[in-house]
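K.L.:
Show me the folded form of this:
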Amino acid sequence: MMEFNPKKLQDMIAGAQKQAEELKQQMQSTVVEASSGGGTVNVKMNGQKHVLAVQIDPEAVKAGDVEMLQDLVVAAVNEAGRKVDEVMQASVGGMLGGMGLKI
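P.N.:
Numbers count the residues shown, from 1 in each chain. A predicted model of the protein is given here:
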């Protein structure tokens, strides 16, 4: 039977808090880019999924197809979100693996 060790529990909690802070900092500093329409629309997004920038090729605006342009913006934002998910999944997986946990 295992004996309860309060010091070990405190160490585990402190380690988890440190990991959470590191992840938060990484989310703030991570920036991904995604595009759609062959580069017609480009989106930059951080790890917190805040859109930092949207660039639209002026030629797409001149074409006057607003629905297509809206679809391209949505596609680029969604792709950036997927990229953030991938980066964060790899980071969290690495952190949990270091703690002996698997996701």
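K.L.:
Quick check: which element contains Q89?
P.N.:
Taking DSSP states H and E as the criterion, Q89 maps to helix 66-98.
K.L.:
buried sites along that helix?
P.N.:
69, 72-73, 75-77, 79-81, 83-84, 87-88, 91, 95 (16 or more other CB atoms under 10 Å). (Glycine included, C-beta is placed from N, CA and C.)
K.L.:
Quick check: which of these has the minimum pLDDT.
P.N.:
Least confident of the buried residues of helix 66-98 in the model: M95, at 60.
K.L.:
what's the weakest-modelled helix or strand in this protein?
P.N.:
None of the helices or strands of the chain scores lower by mean pLDDT, DSSP states H and E than helix 6-29, at a mean of 84.
K.L.:
How many residues are close by V43?
P.N.:
By other CB atoms under 10 Å, 26 other residues sit near V43.
K.L.:
how far away is the residue nearest the centre of the chain from A20?
P.N.:
Residue closest to the average C-alpha location in the chain (CA atoms, centre = their mean): V84, at 2.5 Å. Between V84 and A20 the computed distance is 18 Å (CB to CB, to the nearest Å).
K.L.:
And S91, by the same measure?
P.N.:
For S91, the distance to A20 - CB to CB - is 12 Å.
K.L.:
What mean pLDDT does the strand or helix carrying N42 get?
P.N.:
Under the criterion of DSSP H and E, N42 resides in strand 41-46. The predicted model gives strand 41-46 an average pLDDT of 96.
K.L.:
And the contacts of that strand?
P.N.:
Applying CB atoms under 8 Å, 6 or more residues apart in numbering, the external contacts of strand 41-46 come out as 27-35, 51-57, 60, 69, 72-73, 75-77, 79-81, 83-84.
K.L.:
Perfect, I'm done here.
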